[in-house]
Every structure is written in structure tokens, then in C-alpha cells.
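Peer 1: Just to be clear, the model below is a prediction. Sequence and coordinates:
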Amino acid sequence: MDVQKHSGNIIMNTSTMAYRNLLKTIHDPDRLMDVIIQPVLFMIMFGYLFGGAISGSVKAYLPTIVPGILMQAMLSAASGSGSQIREDLDSGIYDRFKSLPMAHIAPLAGQLFADILRLVIAATASLATGYLIGWRPETGFGSVLVCALLAVFTGWSMSWIFALLGLLSKSASTVQSFSLMIMLVLTFVSNAFIPIHSLNSVMRFLAYMNPITYVITAIRQILATGTLTHEALLVLLFGLLVVVIFAPLTVLAYNHNN
Amino acid sequence: MTNENAIEIKNLTKKFGDNIAVNDISFDVKPGEVFGLLGPNGAGKTTTLRMITTLLKQDSGTIKIFGHDTAKEGKDARSMFGLTGQYASVDEDITARENLMIFSRLNGLTRAQSKQRTEELLSEFSLENSADKNLKDFSGGMRRRLDLAVSLITRPALIFLDEPTTGLDPRTRLQMWETIRQLVKQGSTIILTTQYLDEADQLADRIAVIDHGKLVKIGTPEELKQCVGGTKLKFVVDDDGKIQEVENMLNKQFSLNPKVTDNKVDLILNKKNQLVAVLNALDEDNISTSHLVVEEPSLDDVFMSLTVGKN
């Protein structure tokens, strides 16, 4: 008696899981509010607060702050994946996922792929707000699009780190507070809002150790020159590396979790 | 045709720190059987079930599901059963239809098959009218029905029900029992955990009583009741003077050991069909009795005598 069912493949399972997560967003669009409000709020607030002090005027500050806010929004959207996974784990739905004959990475990957929507919306909100307060990149729409893609990709690769954090934490609120700390440190100790050469040597060293600094530099270069610099390729490579390292770790933690 | 067991469990053990949650449990479940795991809260029922359903790794021992070792052939083992958890494990944020569609797809059904199966199950579980409602508006019973429907997508030969009626009102509970009986009629093998004795009595062919992680007793409900003793008989001897005579008669003639307080007699019969013989003997000796009570042992008695519980 052979009852072996055909149990689909990883790609099919993952896309079903991504569909499930998209449905949740469609039924409850409020879930997107955080990724829209945060970049809008910070762009306006920081732009008008620091513009004069750092660059002489708000307008002159925009080429600095828009990529900064963009990456801040990416990190914060990516961190949402971690707390969402923790919430699902606590609800018992993962018991069912685990008892199904499907690839163990599918529920996690499905979540992270569906969260690309959050990243895209956060990127759109950041760039649109920048435009509305007067940001006009000289290299045109094409390079803005490339920057948005680079930012979303980097954010997505970072979401694997937050997913791991979600799996290892005890509760969704722990994930959230941890994620907030990580987000604040990574964005403020970088070139997101200030020129690095203004920092003392210790802070400067830390800022240069921060990968977000390089992502933001790459984005500014693309916007300034209109071409993919080798910095941008380095960032792509870094993103890939993060996924290659953290995806297996995440699955390992998931399998080990119970 | 094979005559292998649906489940074979040998020397299953699980520790959480110093606490032995499941201690060297072994049992088999035959195909087509309803097998109940009965025990007080914290006895190890759910832990045992989680290990059988591959949600938890055992520290030692083996589990085979239709011959598939869960530790070595997890995916094969998982494809043999459906699981309905203690807490409804369905997606709260999407509709009932979407839940069924998604879980059908995850079970490897094609889009067309998934659609068909979803409609079948919605009607089978009387959920058509609420199919597109958000699950947040579902009652506990509806949620549990949907949960069960999701476990039945692939028509598994083996179904695990972890406390299927905990928290349901009496009417919904009866409906759930009816649904479970239907499944049995269709030939499913069912493992259920419960802390309700009447539920085990009503549904299970065989029951394993678990307490403090140990398998205390296993058998049919009848066998379990037998092991706490036979039928209880209570009566009052109307003539106070004859009480000693009655006690002697029961002792010698039937080798029974009655408990006598004043003129009340309280005894446990040690054979089936002994009741008529005892009553006839009383009648022959011209002893008139009243307040006659005959009680069959219940699973409650079994539960109380076999388990200690955490308290």
C-alpha cells in the first residue's frame, strides 16, 4: 500500500505561504501603516530639524537625508518580519505547518517574500516624501528606481537576520524592542544623517564598520553619477552573503525550536 | 493488504530538564481503532501526542506510523496523518475558505483539486454560510470544526485530536462527537487525548491512562472499569436484628466482603451476574430489604483510583 502523496516543491510551498501572508495584509491593511508613517514622519522631522545645521539649508540636506531615511525605513520594515514570525510561532499555527509534508523553509521564506511588499511600500513612502519636500535627484527616475531596488534587496537580506532573532526570542515584544535598538544603532552610527568626517575617531571607526554606511554611500553615488559603482556591487554581494549565511541558520533555529 | 499497526510506540521517553514528562511509554494502535489517551492535566498526554506527530523530538524510544519511523522518515510519517491541536491551529486573520485553500495547496493538491476539496469540506462541516467571514467572528465550535476540516483535507488514514472538545459548550460537544463517529465509520483510525471521562467512554475503543508521564493502564473502557471492581450494590436491611445474618451469608455463600454501617450494606460484586443470585439468596432467607441501589463502575472511578494528578 503506497500512499505517498506528491507533496509539492519548495518554490510552490513558499509561494503558497507568501500568498497566505499577503492575504493577511489585504484583510487588514492597517498592518502597513507603520512602514508608511515612519519614513514620512522622520523625513519631514529630520529634514527640517537638521537641514540648516548640517547642510546650511533643508534643500541642500535632502541628497544626504533621503538615502538615510530610505535605509532606516528598510531596516524597520525588515524588523517587522521577525516579530510577525514570533507571533505566528506563539499562535500554534506553526504546529500545523510543521506537521505538513512540506519543506521546512517554506513558512519562513513565505513570510519574508510577502514582506517584500512592506519593503517596497516603505521605499516608495520615503522617496515620495523626499520628492514632496523638494528633493530632485539630477540623474533622473532610472537611477532612483535602481536605488530603490538596491535598498529593498538589502532590506530583504537583513530581514533574514530579524527572522532569526524572531525565532530565538521569547516574545514578539522582545523582538520589537531588540529590533528597535538594532535599527537605531545601525542608522545613527552611520553616514545616514551626518557626514562621517565630523565624528571623533572612535565613532568614525564604528560608522565605517557599519554595513549600512556602505549601502547609503552606494545609493548616493548612484544618484550622483547615474552609474552602478563598484560600491553598489559590493553591497549586492554583501546582501547575498547575509542570505546565504542566515537562511540556513534560520531553518536550523526553526527545526530546533521545539 | 498489510496487517501492520497504525502506530507502534516503544519505550518513549522525554525529559524537560529534571522533569520526566513522558516516562518509558509503549503501546500500539490498531488500524480502524479509536484510541484514547486519558489523564489529568500535565500528565504527559499532549507531550506524547506532540512526539508522535513529529512536533517534538523524543529523548529515546521509537515511534512508527504505518511502519514509518518518525525519526528517520519524518516526511513519510507526516504524510500519513492529520492533526487537530488543542488550540485551534488555523489562521485567525484570513477566512475559512482561504484557510482550506492554503492548507490544501500546502498538502500538495493542485489549484483545481484544492478548490473542489475546499467546497466539499465547507459543506461537510456546515461552514458554507461563514466561508468568507473573518475567523475573528467565528464561535469556538465553528473554529474547531474548521480546524478539523483542515486536518481532513488529504483524507488521512490516521487522525490526531488533541482535546477536541475542551472549552466547547455541551451542544457543540455532542456535534463534535457525532462528527468523530462519522470519521470512524469511514474507516479512519483516531487517537484522541481528553481529560473528559465520558468522552473517552463514549468514543474510544481502547484507552491508555497516563499519569505523571507513565502509562498506568491500558484496555477497553470495560476492562478498565473491571479493574477497579465490579458492580456496586447497596441496600438497607429493614430488620436490624438480621444484619449479622446477612453479613455471614454474603461472606460464606458468595465470599463477598460487605461494608456494614448500622443496617446499611455496601458491597462490590466480584462476578458478573452475581446480582440476581445475591438477591435470590436474601429472598430465600426471608430478609426484606429497601433502598436498593445498583451502580456500574464509571470511568470516573478508574480515573480516581489510577491517577494522582499534579495536586
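Peer 2: Ah, there it is.
Peer 1: which residues touch A:G47?
Peer 2: Going by CB atoms under 8 Å, 6 or more residues apart in numbering or on different chains, A:G47 touches A:58, A:61-62, A:65, A:133. Using the backbone N, CA and C atoms, a C-beta is placed for each residue, glycine as well.
Peer 1: Could you rerun that using 6 Å?
Peer 2: A:58, A:65, A:133 (CB atoms under 6 Å, 6 or more residues apart in numbering or on different chains).
Peer 1: distance between stretch B:38-53 and the chain's centre?
Peer 2: Here stretch B:38-53 is found 12 Å from its chain centre; the criterion is CA atoms, centre = their mean, to the nearest Å.
Peer 1: Can I get it as PDB, trimmed to CA atoms?
Peer 2: Presented in PDB, the C-alpha positions along stretch B:38-53 are these (Å, rounded to 0.1, in the frame of the first residue of the first chain):
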ATOM      1  CA  LEU B  38      -6.700   9.800  29.200                       C
ATOM      2  CA  GLY B  39      -5.100  11.600  32.100                       C
ATOM      3  CA  PRO B  40      -5.200  14.600  34.400                       C
ATOM      4  CA  ASN B  41      -3.700  18.000  33.400                       C
ATOM      5  CA  GLY B  42       0.100  17.800  33.000                       C
ATOM      6  CA  ALA B  43       0.100  14.000  32.900                       C
ATOM      7  CA  GLY B  44       2.100  13.900  29.600                       C
ATOM      8  CA  LYS B  45      -0.800  13.400  27.100                       C
ATOM      9  CA  THR B  46       0.000  16.300  24.900                       C
ATOM     10  CA  THR B  47       3.700  15.800  25.100                       C
ATOM     11  CA  THR B  48       3.200  12.200  23.900                       C
ATOM     12  CA  LEU B  49       1.000  13.400  21.100                       C
ATOM     13  CA  ARG B  50       3.500  16.000  20.100                       C
ATOM     14  CA  MET B  51       6.200  13.400  19.800                       C
ATOM     15  CA  ILE B  52       4.000  11.000  17.800                       C
ATOM     16  CA  THR B  53       3.100  13.800  15.400                       C
END
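Peer 1: what ranges of the stretch 201-311 of chain B fall below the confidence cut-off?
Peer 2: Applying pLDDT under 70 to the stretch 201-311 of chain B flags the ranges B:228-229, B:272, B:308-311.
Peer 1: Please, where are all the strands along it?
Peer 2: For the stretch 201-311 of chain B, the strands defined by DSSP state E, counting those that start in this stretch occupy B:206-211, B:214-219, B:232-237, B:259-261, B:264-268, B:289-295.
Peer 1: Let me know which of those is tucked in deepest.
Peer 2: strand B:206-211 (a mean of 24; mean count of other CB atoms under 10 Å in any protein chain shown).
Peer 1: in chain A, which helix or strand is least confident?
Peer 2: Among the helices and strands of chain A, helix A:93-99 carries the lowest confidence by mean pLDDT, DSSP states H and E, at a mean of 82.
Peer 1: Any part of that one near chain B?
Peer 2: Yes - judged by CB under 6 Å from any CB of the partner chain, helix A:93-99 and chain B are in contact via A:93, A:95-96, A:98-99.
Peer 1: CA atoms only for that helix, dumped as PDB, please.
Peer 2: Taking Å, rounded to 0.1, in the frame of the first residue of the first chain, the C-alpha atoms of helix A:93-99 are listed here in PDB:
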ATOM      1  CA  ILE A  93      -0.300  27.700  13.500                       C
ATOM      2  CA  TYR A  94       3.300  26.600  13.000                       C
ATOM      3  CA  ASP A  95       2.500  23.300  14.600                       C
ATOM      4  CA  ARG A  96       0.200  22.700  11.700                       C
ATOM      5  CA  PHE A  97       2.900  23.900   9.200                       C
ATOM      6  CA  LYS A  98       5.400  21.600  10.800                       C
ATOM      7  CA  SER A  99       3.100  18.600  10.700                       C
END
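Peer 1: and the next element down the chain from that helix?
Peer 2: helix A:106-114 (DSSP states H and E).
Peer 1: now the very next helix or strand once past that following helix against helix A:106-114, angle please.
Peer 2: Counting by DSSP H and E, the next helix or strand C-terminal to helix A:106-114 is helix A:116-132. For helix A:116-132 against helix A:106-114, the angle by axes from the mean of the first three to the mean of the last three CA atoms, to 10 degrees is 20 degrees.
Peer 1: Can you give me the buried ones in helix A:116-132?
Peer 2: A:116-127, A:129-130 (16 or more other CB atoms under 10 Å in any protein chain shown).
Peer 1: and if you look at stretch A:167-177?
Peer 2: Neighbour-count burial for stretch A:167-177 [16+ other CB under 10 Å]: A:167-169, A:172, A:174-176.
Peer 1: any chance of those residues in TSV, plus secondary structure?
Peer 2: Below are the buried residues of stretch A:167-177 laid out as TSV (DSSP: H, G, I helix; E, B strand; the rest coil):
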residue	secondary structure
A:L167	helix
A:L168	helix
A:S169	coil
A:A172	helix
A:T174	helix
A:V175	helix
A:Q176	helix
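Peer 1: With respect to pLDDT, which of those residues ranks lowest?
Peer 2: pLDDT across the buried residues of stretch A:167-177 is lowest for A:A172, at 88.
Peer 1: ok, it - contacts?
Peer 2: So A:A172 contacts A:83, A:86-87 (CB under 6 Å, 6+ apart).
Peer 1: what about B:S298, how many residues close to it?
Peer 2: 15 (other CB atoms under 10 Å in any protein chain shown).
Peer 1: Quick check: the gap between A:T129 and A:Q38.
Peer 2: Separation of A:T129 from A:Q38 (CB to CB, to the nearest Å): 11 Å.
Peer 1: So which residues on the stretch 51-200 of chain A come close to chain B?
Peer 2: Going by CB under 6 Å from any CB, the residues of the stretch 51-200 of chain A near chain B are A:92-93, A:95-96, A:98-102.
Peer 1: Let me see the domain layout of chain B.
Peer 2: B:7-224, B:231-295 (automatic domain parsing).
Peer 1: How far does the first one sit from its chain's centre?
Peer 2: In other words, domain B:7-224. 11 Å.
Peer 1: Okay, strands next: where are they in the stretch 1-150 of chain B?
Peer 2: B:7-16, B:19-29, B:34-38, B:60-65, B:68-69, B:81-84.
Peer 1: looking at these, which has the lowest confidence?
Peer 2: Minimum mean pLDDT among these: strand B:81-84, a mean of 86.
Peer 1: and that one, what other elements does it pack with?
Peer 2: helix B:140-151, strand B:158-162 (3 or more CB pairs under 6 Å, 6 or more residues apart in numbering or on different chains; DSSP states H and E).
Peer 1: Could you tell me the least trusted of those?
Peer 2: It's helix B:140-151: among these, that one has the lowest mean pLDDT, namely a mean of 87.
Peer 1: What ranges does the chain have for its helices?
Peer 2: I'll assume chain A. A:10-27, A:33-55, A:58-91, A:93-99, A:106-114, A:116-132, A:141-168, A:172-188, A:201-209, A:211-225, A:230-256 (DSSP state H).
Peer 1: The chain in question should be chain B.
Peer 2: B:45-52, B:74-78, B:96-106, B:111-124, B:140-151, B:170-185, B:197-203, B:221-227, B:243-254, B:274-284, B:299-306.
Peer 1: which one of those helices lies closest to A:Y19?
Peer 2: A:Y19 sits nearest to helix B:96-106 of all these, at 7.0 Å, using CB to CB.
Peer 1: thinking again about what came up before, tell me, which of the helices of chain A is the model least confident about?
Peer 2: helix A:93-99 (a mean of 82).
Peer 1: what's that helix in contact with?
Peer 2: A:88, A:107, B:53, B:55, B:78, B:83, B:85, B:89, B:91.
Peer 1: and if we set it to 8 Å?
Peer 2: A:88, A:104, A:106-107, A:258, B:53-55, B:78, B:81, B:83, B:85, B:89-91, B:103, B:106, B:150.
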